[in-house]
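> kindly generate the corresponding structure for this input.
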Amino acid sequence: MKIPELFKSGKTVFSFEIFPPKKDGSIETVYNTLDGLSDLHPDFISVTYGAGGTLPGASTREIACIIKEKYHTNSIAHLTCVNSSKADIDRTIEEFKASGIENVLALRGDINPDIPPKKDFMHASDLISYMRERSDLSFSGACYPEGHIESESIDKDIENLKIKVDAGASHLISQLFFDNSAFYRFIQKVRAAGITVPVEAGIMPCVNAKQIQRMVGLCGASLPQKFTKMIARYENNPEAMRSAGIAYAVDQIVDLCSNGVDGIHLYTMNNPAIARKIAESVSSVIRI
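Next comes the predicted model:
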């Protein structure tokens, strides 16, 4: 099923994100994660981009295919483009078609200062335009409630987001955030800009203070006082930090659902136990 179809029922879409194992990891980590998530019946599971840095047989495409065929769940394969040529993407289109992949989250990808980017695709919108002309895939895009860390302003970022949607992105997933009011302001701006596609709120449970601080440094999410107080009080008590982080994520999700959010995209960090606690806590709220 193509992802936009999921939003036609009017119910809150609930989805998960997982990532492929690194080369020094184990494929079992992915299967354990999927085994722990499948009976929660998410509307879809997205798989982050992994190519040369993943185990053989554990690429994004292969895992997205397993999610569909073994777990009978819709999937989205992430795809970055900054280091891809048109020939690379042509091959990827054929591989997706052969694997039954229907949905792609199109991303520019991080620019490595030590590796000059290829020039065929400088933006996710370029990738979407190119693939849309050559395939029947459904495209999702990323969005940033507080602006992309490289953007000059939130308004300029939304201008670029409109270009991405006009190119063919029919569904958006937000970067993580911890301040719901920032997400609501973003949605107001997005709708005012004429962007009408569904927007899922990306939620990452804070169960490890150092991990969250690292992620915030990469994406630029602001930390409300309620959140910083939680970290300050519990960061040296792993069990308490875990419980408080889960509770904070649940509170965010309940508030978002109460305000009519299109969907919730939970960043699982391949930890099915935490995802399960959150999903079970909000199940009655999500499905209304």
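
> can you give me the neighbour number for the residue lying closest to Lys11 once chain neighbours are set aside?
Nearest non-adjacent residue to Lys11, counting by CB to CB, 6 or more residues apart in numbering: Arg287, 6.5 Å away. C-betas here are computed from N, CA, C, even on glycine. Here the count is done by other CB atoms under 10 Å, and Arg287 has 11 residues near it.

> with Ser15 instead?
The burial metric for Ser15, expressed as a neighbour count using other CB under 10 Å, is 22.

> so how far is the helix or strand that contains it off the chain centroid?
Remark: Ser15 resides in strand 13-18, with elements defined by DSSP states H and E. Its chain's C-alpha centre and that of strand 13-18 lie 8 Å apart, by CA atoms, centre = their mean, to the nearest Å.

> then stretch 137-156?
From the chain centre to the centre of stretch 137-156 is a distance of 12 Å (CA atoms, centre = their mean).

> how far off centre is the stretch of helix or strand Ala64 belongs to?
Applying DSSP H and E as the criterion places Ala64 in helix 60-69. A distance of 16 Å separates the C-alpha centroid of helix 60-69 from that of its chain, computed with CA atoms, centre = their mean.

> got it, and stretch 273-283?
Stretch 273-283 has its C-alpha centroid displaced from the chain centroid by 17 Å (CA atoms, centre = their mean).

> please renumber so the chain begins at 7
Fine by me, first position is 7 from now on; the one you just mentioned is stretch 279-289.

> can you list contacts of it?
Contacts made with stretch 279-289 from outside it, assessed by CB atoms under 8 Å, 6 or more residues apart in numbering, are listed as 20, 22, 42-43, 46, 48, 211, 213, 248, 252, 255-256, 259-260, 263, 270, 272, 274, 292.

> buried residues in it?
Residues of stretch 279-289 classed as buried: Ile280, Ala281, Lys283, Ile284, Ala285, Ser287, Val288 (neighbour count, 16 or more other CB atoms under 10 Å).

> what about the residues you listed, which are in helices?
For the buried residues of stretch 279-289, membership in helices holds for Ile280, Ala281, Lys283, Ile284, Ala285, Ser287, Val288, with DSSP state H as the criterion.

> and the residues you listed, which is closest to Ala70?
Distance from Ala70 was checked for each of these by CB to CB. The minimum falls on Ala281, at 17.9 Å.

> where does Cys225 land on pLDDT?
For Cys225, the model assigns a pLDDT of 81.

> so where do the strands sit in the protein?
Taking DSSP state E, the strands of the chain run over residues 19-24, 50-53, 80-86, 109-113, 144-149, 175-182, 205-209, 269-273.

> now tabulate the ones you listed in JSON lines and tack on mean pLDDT and distance to Ala238.
Rendered in JSON lines, the data for the strands of the chain read as follows (pLDDT from 0 to 100; distance: least, CB to CB, whole Å):
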{"stretch": "strand 19-24", "mean pLDDT": "97", "distance to Ala238": "28"}
{"stretch": "strand 50-53", "mean pLDDT": "97", "distance to Ala238": "32"}
{"stretch": "strand 80-86", "mean pLDDT": "97", "distance to Ala238": "34"}
{"stretch": "strand 109-113", "mean pLDDT": "98", "distance to Ala238": "33"}
{"stretch": "strand 144-149", "mean pLDDT": "98", "distance to Ala238": "30"}
{"stretch": "strand 175-182", "mean pLDDT": "97", "distance to Ala238": "20"}
{"stretch": "strand 205-209", "mean pLDDT": "98", "distance to Ala238": "21"}
{"stretch": "strand 269-273", "mean pLDDT": "98", "distance to Ala238": "23"}
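
> let's have the ones you listed in CSV, adding distance to Ile155.
Supplementary listing: these in CSV, determined by distance: least, CB to CB, whole Å:
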stretch, distance to Ile155
strand 19-24, 19
strand 50-53, 21
strand 80-86, 16
strand 109-113, 14
strand 144-149, 12
strand 175-182, 9
strand 205-209, 15
strand 269-273, 17
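
> right, and those - which one's nearest Ile160?
The nearest among these, by CB to CB, is strand 144-149 at 10.8 Å.

> neighbours around the residue lying closest to Lys76 once chain neighbours are set aside, how many?
Distance criterion CB to CB, 6+ apart; nearest residue to Lys76, sequence neighbours excluded, is Leu40 at 7.8 Å. The criterion is other CB under 10 Å. On that basis, Leu40 has 20 neighbouring residues.

> go on, Ser157?
Here the neighbour count serves as a burial measure; for Ser157 (other CB under 10 Å) it reads 17.
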